[in-house]
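In: pasting the structure only:
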RNA sequence: GCCGGGGUGACAGAGCGGCUAAUGUGACCGACUGCAGAUCGGUUUCCAGAGGGUUCGACUCCCUCCCCCGGCACCA
């Protein structure tokens, strides 16, 4: 099934067709490592991790590039307030970022590109823009992009230049020719880290690194650019202006994707509002898979409210799916080759694989995909109740494996050593003997003891079964 | 003011021009059961922000209004 992607550029869903065969070049705006990685980052990067995983699943060869803004105003602020070096700050917070991303199962980034590793490309690009008359040198040695020289300015965000309110949030710098101009190269101020350039010592502006990085890795054009919606304007607009003015190739990016924000009780999450959720804090309260499930249980474009109540709900919901996977895994080890429920189970598996693909192909609708998992889960549980055979259960297990790989959840249950499994079967059988004798005290003691080591017993009408938790 | 996204049943949140408005959570009832847990079935919800229009028929398309969220020039 062909994938439809909502393209922010056209504000429509479009069929996804990469520029070159089945190769997909994908770039996502990374973070500025100057503070703790928070749930907003988590939502964005889990979202694009799923995009990359699904594209990979569909047979595309995905190259996923993410930048790291390792020099920027906020890092310099942090240097001032802590007396530490910029690299030191970056290393700490980027290290922490990698840790939490790994905990959340974000595994698909191929290259992290640090802005300061691309100074030559940045300088070259700025020079090119100046030569073509798109950029000008200010008297302090900074270089600005002249937005009036780029006819496509405002196209991505649908903004009319005249309608914008300069200075609505950030004070306009007086050195600019036009309020909308943005800095490409920032002249060094005393005490600031700086690199050499034809205009003297300084550092790159925020927008230029992304185009320098992607042009080096992907060339003048690539398939997919992602980021949170708040970056749409001016950041992504600036990228288009830089790249297209520099290379003359249009469009710079074929598909623009934007993720919705994380809210807290309806408010944007901010340190200053006191509702800030670092991922680390969330990980202390919830398992990583629960957090990831929570994040994929909405469509990436929509906002999500991050409150403990909703996390608790996600935890309960997710447990339902995980329980089914445990049942399938436990059941297939003891089930006979075939059973009464096989036909319906096989049909349900085929349908689930199909429906899941349809849901995900519709602009990566993970919410809908998760609904498919719940439907499937019920069908599987029913099939187990009516007696499913090993072959059909193995198939179901593989299906859950596929779903789990794409969404980054439902890690397969731990596999025990064969001898341990036999011992468990023996213990469970002994307990059954006790139950037949109505020696419930002994039976319960065995159940509690097994529970303490993570093995759950469930008495069902077809006998007892055990699973690992 | 301008641009973008929204307003759906107790809550969260999908799809679709027309079968009982998906899925989950919560609550309640039932089945199963020594107890527990898990699971299964059922109920909890039908004119979907307000008002018009198009249509045989709209929650779904169009218009107006109200409200919420994001952006408006270095926030994922």
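Out: Noted; the coordinates are in hand. Everything quoted here is computed from the prediction, not taken from an experiment.

In: switch to C-alpha atoms for all contacts and neighbour counts from now on
Out: OK.

In: which residues of the stretch 101-250 of chain A fall in strands?
Out: Using DSSP state E, counting those that start in this stretch, the strands assigned to the stretch 101-250 of chain A run over residues A:111-114, A:135-137, A:143-145, A:182-187, A:202-204, A:222-228.

In: Tell me which of these is the most buried.
Out: strand A:143-145 (a mean of 26; mean count of other C-alpha atoms under 10 Å).

In: Direction included, what does that strand pair up with?
Out: Sheet pairing here is set by DSSP bridges, and for strand A:143-145 it gives strand A:135-137 (antiparallel), strand A:182-187 (antiparallel).

In: okay, those in a markdown table with mean pLDDT and distance to RNA strand B next?
Out: Formatted as a markdown table, those follow (pLDDT from 0 to 100; distance: least, C-alpha to the nearest atom of the strand, whole Å):
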| stretch | mean pLDDT | distance to RNA strand B |
| --- | --- | --- |
| strand A:135-137 | 92 | 13 |
| strand A:182-187 | 92 | 5 |
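
In: what about stretch A:89-100, near RNA strand B?
Out: No. Judged by C-alpha under 7 Å from any atom of the strand, stretch A:89-100 makes no contact with RNA strand B; its nearest approach is 11.0 Å.

In: so for that stretch, what's the average pLDDT?
Out: Here stretch A:89-100 scores 94 as its mean pLDDT.

In: cool, stretch A:36-43 as well?
Out: Stretch A:36-43 comes out at a mean pLDDT of 92.

In: swap in stretch A:193-208?
Out: The pLDDT scores in stretch A:193-208 average 93.

In: Give the buried residues for that stretch.
Out: Within stretch A:193-208, the residues scored as buried using 16 or more other C-alpha atoms under 10 Å are A:193-194, A:197, A:199-208.

In: distance between the ends of that stretch?
Out: One end of stretch A:193-208 to the other measures 17 Å (C-alpha to C-alpha, to the nearest Å).

In: Residues in contact with it: which ones?
Out: Contacts to stretch A:193-208, defined as C-alpha atoms under 8 Å, 6 or more residues apart in numbering, come from residues A:69, A:71-72, A:86, A:119, A:122-123, A:137, A:141-142, A:183-189, A:235-236, A:238-239, A:242.

In: so which of the buried residues of stretch A:193-208 also contact RNA strand B?
Out: A:205, A:206.

In: which of the buried residues of stretch A:193-208 sit farthest apart?
Out: Spatially, the most separated pair among those is A:200 and A:207, at 19.5 Å (C-alpha to C-alpha).

In: Flag the helix or strand of chain A with the lowest per-element mean pLDDT.
Out: Counting by mean pLDDT, DSSP states H and E, the weakest-scoring helix or strand in chain A turns out to be strand A:267-268, with a mean of 74.

In: surely residue A:387 meets residue A:343?
Out: No. With contact defined as C-alpha atoms under 8 Å, residue A:387 does not count as touching residue A:343 (10.7 Å).

In: ok, these two, which is more surrounded?
Out: Neighbours per residue, other C-alpha atoms under 10 Å: of residue A:387 and residue A:343, the larger number sits with residue A:387, 19 against 15.

In: Please name the residues that touch the more buried one.
Out: A:339, A:340, A:341, A:342 are the contacts of residue A:387 under C-alpha under 8 Å, 6+ apart.

In: please redo it, this time with the cut-off set to 6 Å
Out: Contacts for residue A:387 were tallied using C-alpha atoms under 6 Å, 6 or more residues apart in numbering; they are A:339, A:340, A:341.

In: And residue A:142, by the same measure?
Out: Residues in contact with residue A:142 (C-alpha under 6 Å, 6+ apart) are A:185, A:186, A:187.

In: Excluding chain neighbours, what is closest to residue A:194?
Out: residue A:202 (4.6 Å; C-alpha to C-alpha, 6 or more residues apart in numbering).

In: ok, that neighbour to residue A:360 distance?
Out: Taking C-alpha to C-alpha, one finds residue A:202 at 45 Å from residue A:360.

In: and what of residue A:249?
Out: With C-alpha to C-alpha as the criterion, residue A:249 and residue A:360 are 31 Å apart.

In: Between these two, which is the more surrounded one?
Out: Neighbour count, other C-alpha under 10 Å: between residue A:249 and residue A:360, residue A:360 has more, with 24 against 13.

In: and the more buried one, helix, strand or coil?
Out: Local secondary structure at residue A:360 is given as helix here, using DSSP: H, G, I helix; E, B strand; the rest coil.

In: Could you check how far it is from RNA strand B?
Out: Relative to RNA strand B, residue A:360 is positioned 11 Å away (C-alpha to the nearest atom of the strand, to the nearest Å).

In: Then residue A:434?
Out: From residue A:434 to RNA strand B the distance is 9 Å (C-alpha to the nearest atom of the strand).
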